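Undergrad: Structure for the following, please:
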Amino acid sequence: MKVLVIGGGGREHALVWALRKSARVSEVVCAPGNGGIAALARCIAVDMNDVDAMMRLAKAEQPGLVVVGPELPLSLGLVNKLEKGGMRVFGPIQEAARLETSKAFAKEFMRTHEIPTAAYAVCCSIEEVREELGTFAGSVVVKADGLAAGKGVVICDTLLQAEAAAAEMFSGTLLGEPVKTVVLEQFLVGEELSFFALCDGKHAVALAVAQDHKRVGEGDTGPNTGGMGAYSTDALMDHAMRAWLTKNIAQKVVDGMASERTPFRGILFCGLMMVPLADGTTQPMVLEFNTRFGDPETQAVMMRLDSDLVELMEAAIDGKANRLQIRMKSGASVCVIAASGGYPGKYEAGKTIHGLDTKLADGVEVFHSGTAAKDGGYVTAGGRVLGITAVSPVGLQDALAKAYGAMEKISFEGMQYRKDIGWRALRTDQ
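TA: Numbering: from 1, shown residues only. Predicted coordinates:
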């Protein structure tokens, strides 16, 4: 089977790597791909803003399976058009992808279908913002509706800061172009987790749990990024909580989408805040939904996945996810991001990457997020450049030792990375 993967980041590199392991896959084509992906797949340049160009590519290649990685093609309705053209596609249709592409839609959907989330208000003007802010106490999160490449969320300690952030979103100062809607949300305190469920339009099946590290600085300080690292361990969540999340969040999403005649098929990424309660228990609250694999969580999750990824994707397409027995390797996996100097702000690309030809230890992979091939080697071509990823049956500390050991052999001008990925788990001796 030929598989076409749409995308060109670290997530797609990890997916291509996992797909190549399937005995059913004869070839992987990736569009546009990147320097590292080119070692595993035939890469073809394509503009992911151009649905017609992606459709022409798919028709020319005639793959047995199309996997849509990033949120942009989902938001543009690529899956709808591919399915209409008779192709088998892993990923949600445009209407179901609104769970990610519209924060206002997602909040209203959660209220309608009784999915736990923070108190909120949807505002279409700065006057509405001023009026609604009076109903909030303490810190407020201001979110721009729509896709904002990770830059549309501002945590505000005061109501005046929240009003200013909303004003910058409406005016276009913050994101470069004005937004029509913002969401005000009560700030929640707790531990963030990422819960992944495989969905087939009727059933939701737990896949994996991971924890991302969004802040650029150690100890979770500094500005938010697209993710500086992630880890996945058996100890992140017990079976009872996984079952609760599957029943009370993921399955409710699938049922709700089905009731609205927009069936959800693909990966549901539930960004959760595990809020501690006075009685010692924990209440999961949904911060956001993504309608695709996360990045860099996917790199860690794919290293632990012991099932055939093609079988999982086809079960989601065929409505048979409930028949699966998804297998994950015991132990832990970790992904550490090597980023360009200055990221998440301005950074320079084109820096020569050294050390990628070094032999890696068993259980270590280097996934390329933003690289380009040049003169027989690689140069930087993005803010997040590499994801050094390791898996260990022993546990998190061993996986971290492998990942950081490999990181020490890699360098490029301005390279930065966090040295404390997994610090919460290590602090609690998980």
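Undergrad: Torsion angles phi and psi at Leu236?
TA: The phi/psi pair for Leu236 (degrees, to the nearest 10) reads phi -60, psi -30.
Undergrad: Would you mind measuring from the closest residue to it other than its chain neighbours to Gly342?
TA: Using Cβ to Cβ, 6 or more residues apart in numbering and skipping residues adjacent in sequence, the residue nearest Leu236 is Val209, 4.7 Å away. All C-beta spots, glycine's among them, are computed from the backbone N, C-alpha and C. Remark: distance between Val209 and Gly342 (Cβ to Cβ, to the nearest Å) = 32 Å.
Undergrad: hang on, the earlier thing: strands paired with whichever strand or helix holds the residue nearest to Leu236, and their directions?
TA: Here Val209, judged by DSSP states H and E, is contained in strand 204-212. Strand 204-212 has its sheet partners listed here by DSSP bridges as strand 191-200 (antiparallel), strand 229-233 (antiparallel).
Undergrad: and among those, the most buried is which?
TA: Highest mean neighbour count of the strands paired with strand 204-212: strand 229-233, a mean of 28 (counted as mean count of other Cβ atoms under 10 Å).
Undergrad: ok, and what's touching that strand?
TA: 194, 208-213, 294, 296-297, 299-301, 304, 331-337, 395-396, 399-400, 417-418, 421-422, 425, 430 (Cβ atoms under 8 Å, 6 or more residues apart in numbering).
Undergrad: just the buried members of those residues?
TA: 194, 208-213, 294, 296-297, 299-301, 304, 331-337, 395-396, 399-400, 417-418, 421-422, 425 (16 or more other Cβ atoms under 10 Å).
Undergrad: mind checking how far the nearest residue to Val310 once chain neighbours are set aside is from Ala401?
TA: Using Cβ to Cβ, 6+ apart and skipping the chain neighbours, the partner closest in space to Val310 is Ser22 (4.4 Å). The gap separating Ser22 from Ala401 is 30 Å, by Cβ to Cβ.
Undergrad: Kindly report the same for Leu277.
TA: Distance of Leu277 to Ala401, given as Cβ to Cβ: 36 Å.
Undergrad: Look at these two and report which has more neighbours.
TA: Ala401 (15 against 9; other Cβ atoms under 10 Å).
Undergrad: in what helix or strand does that one lie?
TA: Judged by DSSP H and E, Ala401 forms part of helix 396-407.
Undergrad: Also Arg11?
TA: Assessed by DSSP H and E, Arg11 sits inside helix 10-20.
Undergrad: So which elements touch that helix?
TA: Here helix 10-20 touches strand 2-7, strand 27-32, helix 297-304, helix 309-318, strand 364-368, strand 384-392, going by 3 or more Cβ pairs under 8 Å, 6 or more residues apart in numbering; DSSP states H and E.
Undergrad: I'd assumed Leu312 was in contact with the residue nearest to Val310.
TA: No. Counting by Cβ atoms under 8 Å, Ser22 does not reach Leu312; the two are 10.0 Å apart.
Undergrad: neighbour count winner among those two?
TA: Leu312 (20 against 17).
Undergrad: Could you list which residues are in contact with that one?
TA: Contacts for Leu312 (Cβ under 8 Å, 6+ apart) come out as Leu198, Leu207, Ala321, Leu324, Ile326.
Undergrad: can I assume the last one is in contact with Phe196?
TA: No. With contacts defined as Cβ under 8 Å, Ile326 does not count as touching Phe196, sitting 10.2 Å away.
Undergrad: Pull up the overlap in contacts between those two.
TA: In terms of Cβ under 8 Å, 6+ apart, Ile326 and Phe196 are both contacted by the residues Ala206, Leu207.
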